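[1] heads up, no residue letters with this:
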């Protein structure tokens, strides 16, 4: 009998949504500024042993991007395989299942990339595409 172990990690393609201003800083400074995983109790419960994380999503059309895509935001497509060489991470279900059942936009399909430091340096080597979202009003 063969036994297989399933270990979830960073998805091969990730999407990171941010403001145009923050996207400009990421590109010009060539680094991602991460969020603190020790900021509040709920973050500590879903986080890892690492102190910082980059919030991404596995789906371009997940609840996070659908809820947040509006004027002045950019979605960066990231190479999860490259990120996985130096960083740990994996799926996080931040919202309760009852919230997702109430409104599918709460199903964020979030992947977090964890790090010990507050920045991921050489950001541009992980970015494969950038797409700006602008709402057209008729």
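    Structure's in. What do you need? Just so it is clear, the model here is predicted, and its values are computed rather than measured.

[2] from the contact counts, what lies against the strand or helix carrying residue 82?
    According to DSSP states H and E, residue 82 maps onto helix 80-86. If you count contacts as 3 or more Cβ pairs under 8 Å, 6 or more residues apart in numbering; DSSP states H and E, helix 80-86 packs onto strand 13-19. For the C-beta atoms, the positions are set from N, CA and C on the backbone; glycine is no exception.

[3] rounded mean pLDDT for the strand it packs on, please.
    For strand 13-19, mean pLDDT rounds to 88.

[4] which helices and strands does it pack with?
    Using 3+ Cβ pairs under 8 Å, 6+ apart, strand 13-19 sits against strand 52-57, helix 63-68, strand 73-79, helix 80-86.

[5] next, the angle strand 52-57 makes with the third one.
    Think strand 73-79. Per axes from the mean of the first three to the mean of the last three Cα atoms, to 10 degrees, the angle that strand 73-79 makes with strand 52-57 is 100 degrees.

[6] what strands line up against strand 73-79, and which way round?
    In the sheet, strand 73-79 lines up against strand 13-19 (antiparallel), strand 127-133 (antiparallel) (DSSP bridges).

[7] picking that back up, just the residues contacting the helix holding residue 82, thanks.
    The contact list for helix 80-86 (Cβ atoms under 8 Å, 6 or more residues apart in numbering) reads 9-14, 56, 89, 111, 113, 120, 125-126.

[8] just the buried ones from those?
    Neighbour counting with 16 or more other Cβ atoms under 10 Å marks 10-11, 13-14, 56, 89, 111, 113, 120, 126 as buried within the contacts of helix 80-86.

[9] okay, these in CSV with distance to residue 80 next?
    CSV is the format used below for these (distance: Cβ to Cβ, whole Å):
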residue, distance to residue 80
10, 5
11, 5
13, 6
14, 5
56, 8
89, 8
111, 7
113, 8
120, 13
126, 9
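
[10] find the nearest non-adjacent residue to residue 115, please.
    residue 52 (5.0 Å; Cβ to Cβ, 6 or more residues apart in numbering).
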